[in-house]
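Chemist: 3D model of this:
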Amino acid sequence: MVMGPRPATRRRPARAAASAGLAIALAGGLAACSGEGSARPAAAAGPSVPVSVPTYDPAKGAGSDARAGTCGPDKDGGWSLAGTVRNSAKNKRSYSVVVDFVTDKGSTIVDTRVVKVPAVEPGATAPFSVAGAAGRSRDALRCVLRDVQLS
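Modeler: Residues are numbered from 1 along each chain as shown. Take a look at the predicted model:
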C-alpha cells in the first residue's frame, strides 16, 4: 500500500540519546552511507555498508534548530524527507542531521541517513532533504529526526 505524504516525526533529544546505541546497532546492518545523504542504499536484502553516524555529543546538540517537513515515498522507489534548520545563534553554524526511516508497525529502523547543512547565517533558515529506504516506497514508514548536531 502506498501512503501519501505526511508530516515527519521528531523524537525528544533525551529519548533520541537513550535509543542512539540501539538505533546504531539496528541501522548499521541495513544502511549505506553518504556524507551528504545523496547516495541511495542497497535494498534491505542486499549487501550492507555501515552508516557513519556522528557520536552523540550534548555540547553540540542543536535539535531545537531543526524542523522535519514532508516525509513520503519518492519517485525513485524509496522515501524522502524535506526539512529546515534555523540558526538560532549569533554566528554561522553548520549542522549534521541524522534521519531514520522507520516502519510504522514494529518501529524498525530500515535505513539511516546523515545530511550535512553547511554554514547557515545567524537567524537564517536553510532547507535540507534526504532520501533513503530504497525499494521501500510501498511500505508504511516514518521519517524521524534522530539527532541534530553542530558540525
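
Chemist: Could you report the distance from residue 89 to residue 149?
Modeler: 13 Å (Cβ to Cβ, to the nearest Å). From N, CA and C alone the C-beta is placed, and that goes for glycine too.

Chemist: more crowded one of these two?
Modeler: Set residue 89 next to residue 149 and count neighbours by other Cβ atoms under 10 Å: residue 149 wins out with 22 against 13.

Chemist: what helix or strand is that one on?
Modeler: strand 141-150 (DSSP states H and E).

Chemist: Then residue 113?
Modeler: Here residue 113 is assigned to strand 109-120, by DSSP H and E.

Chemist: now that strand against strand 141-150, angle please.
Modeler: Counting by axes from the mean of the first three to the mean of the last three Cα atoms, to 10 degrees, strand 109-120 lies at 40 degrees to strand 141-150.

Chemist: State the next helix or strand along the chain beyond strand 109-120.
Modeler: strand 125-132.

Chemist: all strands for the chain, in order.
Modeler: Ranges of strands in the chain, per DSSP state E, are 6-7, 9-10, 66-73, 79-86, 93-103, 109-120, 125-132, 141-150.

Chemist: For the last one, which helices and strands make contact with it?
Modeler: Counting by 3 or more Cβ pairs under 8 Å, 6 or more residues apart in numbering; DSSP states H and E, the packing neighbours recorded for strand 141-150 are strand 9-10, helix 13-28, strand 66-73, strand 79-86, strand 93-103.

Chemist: Check the fifth one too.
Modeler: Under the contact criterion of 3+ Cβ pairs under 8 Å, 6+ apart, strand 93-103 touches strand 79-86, strand 109-120, strand 125-132, strand 141-150.

Chemist: mind checking which of those strands is nearest residue 53?
Modeler: Among the helices and strands packed on strand 93-103, the nearest to residue 53 by Cβ to Cβ is strand 109-120 (6.1 Å).

Chemist: Which positions in the closest one come out as buried?
Modeler: 109-115, 117, 120 (16 or more other Cβ atoms under 10 Å).

Chemist: CA atoms of that strand as CSV?
Modeler: Below are the C-alpha coordinates for strand 109-120, written out as CSV (Å, rounded to 0.1, in the frame of the first residue of the first chain):
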residue,chain,number,x,y,z
ILE,A,109,14.8,1.3,11.5
VAL,A,110,15.2,0.3,7.9
ASP,A,111,17.6,3.0,6.9
THR,A,112,19.6,5.8,8.4
ARG,A,113,21.0,8.9,6.6
VAL,A,114,23.2,11.7,7.7
VAL,A,115,22.8,15.0,5.8
LYS,A,116,25.2,18.0,6.2
VAL,A,117,23.8,21.5,6.2
PRO,A,118,26.7,23.9,5.6
ALA,A,119,27.2,27.4,7.1
VAL,A,120,23.8,28.9,7.9
